[in-house]
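> Below is the structure, and that's it, no one-letter string:
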């Protein structure tokens, strides 16, 4: 009998268990397969935030929803941690209806870790429908576009909003984007008109679309998908969701490749028994 009989008869449930363990263990324990080497796009994202003086205020736009949480959320959380670690104040908004609860969670986690207070060090102004129209209106007046925050408190009574009227009062725009409206629209409607520096964290499949903005300087940095978020976590020296996710993904892929090789060993291609008759 050709091949390896016991391997051909192996219960597939053992394979499912092995894949599950290879995914769960890195996610739960923080085991790292290999060091992450940040690229230039991630370094640009990191450097843009490092250049801002402590005490500055920026806009954090979380334009995504649970559909892309695996790619966008790790970068969103890493950015919030980086900003709060540098005592930079955050004004957060969302142009996706499902975005504000995710922003609440990100700001709450980072705020608790760094001892920051809502309303004083950060605020979530919530969701506003209108896409590019919202961006344009914010250029005229942020308080009029978002008169109250997520808690229903007027922005005129929120300390972190003191002196914040338009984009000219913000030092940086950080956009976490799943698509439309997102990075492209922020560049076209805000960066091009108000010349505010901007960085973005986008899904992996959309990242190449924004490379020209890096070349023209309209984007200072770019994180593409989970890989970009993992590189950013390495730069801020705070390994978290993205690095764990990349390790789990890499181990699962290696195991699947190993199974493909074993499958060919267990079931080698059959050779012709003899030459065909004339």
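Received, thanks. Computed from a predicted model, the values in this text were never measured in an experiment. Residues are numbered from 1 along each chain as shown.
> low pLDDT regions in the stretch 1-150 of the chain?
1-4, 6-8, 22-23, 26-27, 30-34 (pLDDT under 70).
> Quick check: the gap between residue 198 and residue 185.
12 Å (Cβ to Cβ, to the nearest Å). Heads up, the C-betas are built off the backbone N, CA and C, glycines and all.
> Of the two, which one has the most company?
residue 198 (24 against 19; other Cβ atoms under 10 Å).
> need the helices for the stretch 151-278 of the chain, in chain order.
For the stretch 151-278 of the chain, the helices defined by DSSP state H, counting those that start in this stretch occupy 183-186, 192-194, 211-216, 225-235, 241-266.
> which ones are touching residue 259?
With contact taken as Cβ atoms under 8 Å, 6 or more residues apart in numbering, residue 259 is in contact with residue 15.
> How much space separates it from residue 144?
59 Å.
> Over to residue 260?
59 Å.
> Residue 58 now?
Taken as Cβ to Cβ, the span from residue 58 to residue 144 is 20 Å.
> out of those two, which sits in the more crowded spot?
Shown here are residue 58 and residue 144; by other Cβ under 10 Å, residue 58 has more neighbours (23 against 11).
> Correct me if wrong: that one contacts residue 93.
No. Here residue 58 does not reach residue 93: they are 11.6 Å apart, not a contact under Cβ atoms under 8 Å.
> Now residue 182, what are its backbone angles?
phi -170, psi -140 (degrees, to the nearest 10).
> ok, now which ones touch the residue lying closest to it once chain neighbours are set aside?
Closest residue in space to residue 182, ignoring its immediate chain neighbours: residue 63 at 4.6 Å, by Cβ to Cβ, 6 or more residues apart in numbering. Contact partners of residue 63, counting by Cβ under 8 Å, 6+ apart, are 94, 95, 96, 99, 175, 176, 177, 178, 181, 182.
> Residue 61 looks like it's in a strand, true?
Yes. The assignment for residue 61 by DSSP: H, G, I helix; E, B strand; the rest coil puts it in a strand.
> Distance check, it against residue 183.
To residue 183, residue 61 is 9 Å away according to Cβ to Cβ.
> intersection of neighbour lists for those two?
Residues within reach of residue 61 and of residue 183 at once, by Cβ under 8 Å, 6+ apart, are 175, 177.
> how close does residue 234 sit to residue 240?
From residue 234 across to residue 240, the span is 10 Å (Cβ to Cβ).
> With neighbour numbers in mind, choose between these two.
residue 234 (20 against 17).
> The nearest residue to the more buried one once chain neighbours are set aside: what secondary structure?
Using Cβ to Cβ, 6+ apart and skipping the chain neighbours, the partner closest in space to residue 234 is residue 36 (4.2 Å). Secondary structure for residue 36, judged by three-state DSSP, is coil.
> Please report the number of neighbouring residues for residue 36.
Quick note: residue 36 (other Cβ under 10 Å) scores 20 neighbours.
> Hmm, residue 231 and it touching each other?
Yes. If you go by Cβ under 8 Å, residue 36 and residue 231 touch, sitting 5.8 Å apart.
> With respect to residue 109, which of the contacts of residue 63 is nearest?
Of all the contacts of residue 63, residue 109 sits closest to residue 176, with 14.7 Å by Cβ to Cβ.
> Can you give me the distance of the closest one to residue 191?
Taking Cβ to Cβ, one finds residue 176 at 16 Å from residue 191.
> and what of residue 184?
The value you get for residue 184 to residue 191, if Cβ to Cβ is used, is 10 Å.
> ok, these two, which is more surrounded?
Using other Cβ under 10 Å, the more surrounded residue of residue 184 and residue 191 is residue 191, with 22 against 18.
> any idea where the strands of the stretch 101-250 of the chain begin and end?
Using DSSP state E, counting those that start in this stretch, the strands found in the stretch 101-250 of the chain span residues 122-127, 173-177, 198-202, 221-224.
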